[in-house]
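**Q** any chance you can model this:
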Amino acid sequence: MDLLIQTIVNGFIQSGFYALAAIGFVLVFGVMRVVNFAHGELVMIGAYTVWLMHAQNEVPYLVTVVLAILIVAGIGLLMERFLFRPMVDNPLGGLICSIGVLFVLQVIATYVGGEGPSKQVPPPYEGTLIIMDVIRIPYQRLFSIAVSISALAILWYFLTRTKLGWALRAVSLDREAATLQGISAIKISAVAIGVGAALAGLAGALIAPLTNINPHMGHNVIITAFIVTIVGGIGSLPGAVIASVLYALFHTFITTYFSGTIATISGLLIMVLVLIIRPTGIMGHKFSE
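**A** Numbering: from 1, shown residues only. Got it, this is the predicted structure:
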């Protein structure tokens, strides 16, 4: 019973990271109709920023978190301006460009960090919260879930209470109709990828002290983002959050009682089943052409 309760708690904590990583992916696809295969590498760059600045140069952790957000958001904006914008009418071209960026970022990370074993970031917040002698939650994980929830709350406010957020949602629902209403699709695309990349940078910064950092860690991130996006519903941010919680619980349970490989394979099988049975996912909608 103790293991079961601890697994549920771990799953909920993991869902915060999944949600941050997946929502950035959903934002970019929903607004720009581009599958950004480099999204996992943006998370990886966020993690490498924390490793380089905090673990290697002793810059305060919170400062490196902000730096990771700014650096990764900047990379996202550069991708939008020089790769995705010229390919606005060619989604396949944008996808191919993102694959190119994927390899470039991996090479840069290898150059900066060197080859060899995975990098480690000592947890800035040491110690463990013990509840009723059953549940044990490291303070670093508590910090990560608190920041994740706060970031998601700020994003929700931005999308539902600001004019720019309304414009972003309008372009996501119907790009042509939004353009006819005077909304600049180019401006909104830049906002979408900037926000999406910033969330990816934050996710990388939060996960850095909790995992092994290497140039290929983005592979698991993009797999998770795909599963969450499909299950939650393509283009649905609420669906992505719900799917993140469900998939995090599922993945944590399977990993705890079996293995991480089986958990990932099972998640992919569920994604395929959702595509067959309910292509729009939990809360998705059909996109207009």
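**Q** show me what contacts Val272?
**A** Applying CB atoms under 8 Å, 6 or more residues apart in numbering to Val272 gives no contacts. Just so you know, the C-beta spots here come from the backbone N, C-alpha and C atoms, and that holds for glycine as well.
**Q** any chance you could map the strands in the stretch 101-250 of the chain?
**A** Using DSSP state E, counting those that start in this stretch, the strands found in the stretch 101-250 of the chain span residues 128-131, 135-138.
**Q** number of residues surrounding the nearest residue to Ala109 once chain neighbours are set aside?
**A** The shortest distance from Ala109 to any non-neighbouring residue, by CB to CB, 6 or more residues apart in numbering, is to Pro215 (4.1 Å). Other residues within reach of Pro215, judged by other CB atoms under 10 Å, total 22.
**Q** again, but for the one 3 residues further on
**A** Neighbourhood size, Gly218 [other CB under 10 Å]: 27.
**Q** with adjacent residues omitted, what lies nearest to it?
**A** Nearest to Gly218 is Gly40, by CB to CB, 6+ apart, at 2.8 Å.
**Q** which ones are touching the one you found?
**A** Ala21, Leu102, Met217, Gly218, His219, Asn220, Val221, Ile222, Ala225.
**Q** about what we covered before: tell me which of the strands of the stretch 101-250 of the chain sits nearest to Val88.
**A** strand 135-138 (44.2 Å; CB to CB).
**Q** who does that closest one pair up with?
**A** strand 128-131 (antiparallel) (DSSP bridges).
**Q** on contacts alone, who are the packing partners of the helix ranked longest in the chain?
**A** In the chain, taking DSSP state H as the definition, the longest helix is helix 2-32. Under the contact criterion of 3 or more CB pairs under 8 Å, 6 or more residues apart in numbering; DSSP states H and E, helix 2-32 touches helix 39-50, strand 135-138, helix 139-161, helix 163-173, helix 185-207, helix 218-232, helix 237-257.
**Q** how about the helix or strand harbouring Thr64: buried residues?
**A** If you go by DSSP states H and E, Thr64 is part of helix 61-79. Neighbour-count burial for helix 61-79, counted by 16 or more other CB atoms under 10 Å, picks out 61, 64-65, 67-69, 71-73, 75-77, 79.
**Q** now do stretch 139-150
**A** So for stretch 139-150, counting by 16+ other CB under 10 Å, buried means Gln140, Arg141, Phe143, Ser144, Ile145, Val147, Ser148.
**Q** one step back: what backbone torsions are found at the residue nearest to Ala109?
**A** Note on Pro215: backbone dihedrals following degrees, to the nearest 10 are phi -60, psi -20.
**Q** so it makes contact with Thr110?
**A** Yes. Between Pro215 and Thr110 there is a contact under CB atoms under 8 Å: 4.9 Å.
**Q** quick check: neighbours shared by the two?
**A** By CB under 8 Å, 6+ apart, no residue touches both Pro215 and Thr110.
**Q** coming back round to it: Val50: which of the buried residues of helix 61-79 is nearest?
**A** The nearest one, if we look at the buried residues of helix 61-79 relative to Val50 and count by CB to CB, is Thr64, at 4.7 Å.
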